[in-house]
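Quick one, what's the 3D model for this:
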Amino acid sequence: MDRTPATRPGPAPLLIACALGIEHLALRTGDRSGAPGPLTVLRTGMGPKNAERAVSGALGKDPLRDAAVLATGFCAGLAPGMHPGDLVVAEETRDARGSTPCTGTALLVEELVRAVPGRTVHTGPLTGSDHVVRGHERGDLLATGAIAVDMESAATLHSAVRAGQRPVAAVRVVVDAPQHELVRIGTVRGGISAFRVLRAVLPAFFEWHRSSLLPRR
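From the prediction side, this is the model:
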């Protein structure tokens, strides 16, 4: 009779997906000490096709098959009054294939307020685009109810839930807003501000992950 003690599975890993090198740098240099389980920061490359390909590939093999997935990075704000450095917590992500509901939105808002005090946190739908949005397109997207737009979050979360049931979320830092259009990330004060905010948000992500590991009742 085999009396070898059964090993308990470790906590599910967390996959944080971003597109750009500067986003990856911000996350890589942030404080990772509070991670409740294995952490992977995946740079997908820009655009929905690259995001879908990279996330599907990562989740298709161990050790990330059961990972919680959080999409992050920079975004363009759509609503008047948004400023570079503001945060967007998606209630859902949207693209041409439909919408993906997000997990633990209220908790993320609470933890982000704690992690980056003084920063405004917006909640609402986050829509996807296959190109950089400018000019009148902002108003068109705002009219759909979306509060921000980026090119990877919707594809990331769609790919994540297609690969299996798991907690998913999207948190973006506004780097470009209606009254503060940004030409090149990192060359103006708004881009630098957004970079610093993105560096500071990992503790909030870890608390979200820790909550997602609790047994469902």
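
And stretch 129-139, what's buried?
129, 133, 138 (16 or more other CB atoms under 10 Å). From N, CA and C alone the C-beta is placed, and that goes for glycine too.

Single out whichever of the residues you listed has the smallest pLDDT.
Confidence by pLDDT is poorest for V133 among the buried residues of stretch 129-139, given 78.

ranges for the strands of this structure?
14-18, 39-43, 68-77, 87-95, 98-101, 121-128, 148-150, 168-176 (DSSP state E).

Mind putting those into JSON lines with distance to L27 and mean neighbour count?
As requested, the strands of the chain are exported to JSON lines (distance: least, CB to CB, whole Å; neighbours: other CB atoms under 10 Å):
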{"stretch": "strand 14-18", "distance to L27": "6", "mean neighbour count": "26"}
{"stretch": "strand 39-43", "distance to L27": "5", "mean neighbour count": "18"}
{"stretch": "strand 68-77", "distance to L27": "7", "mean neighbour count": "27"}
{"stretch": "strand 87-95", "distance to L27": "14", "mean neighbour count": "24"}
{"stretch": "strand 98-101", "distance to L27": "21", "mean neighbour count": "16"}
{"stretch": "strand 121-128", "distance to L27": "18", "mean neighbour count": "22"}
{"stretch": "strand 148-150", "distance to L27": "15", "mean neighbour count": "29"}
{"stretch": "strand 168-176", "distance to L27": "11", "mean neighbour count": "28"}
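
about what we covered before: tell me the one of the buried residues of stretch 129-139 nearest T156?
S129 (13.6 Å; CB to CB).

Would you mind putting the strands of the chain into TSV with distance to V197 alongside?
Formatted as TSV, those follow (distance: least, CB to CB, whole Å):
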stretch	distance to V197
strand 14-18	13
strand 39-43	16
strand 68-77	10
strand 87-95	7
strand 98-101	24
strand 121-128	11
strand 148-150	14
strand 168-176	5
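
Among these, which comes closest to V55?
strand 14-18 (5.8 Å).

quick one: strands adjacent to the closest one?
strand 39-43 (parallel), strand 68-77 (parallel) (DSSP bridges).

now those in CSV, with distance to F195 and mean pLDDT?
Shown next, in CSV, are the strands paired with strand 14-18 (distance: least, CB to CB, whole Å; pLDDT from 0 to 100):
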stretch, distance to F195, mean pLDDT
strand 39-43, 15, 97
strand 68-77, 9, 96
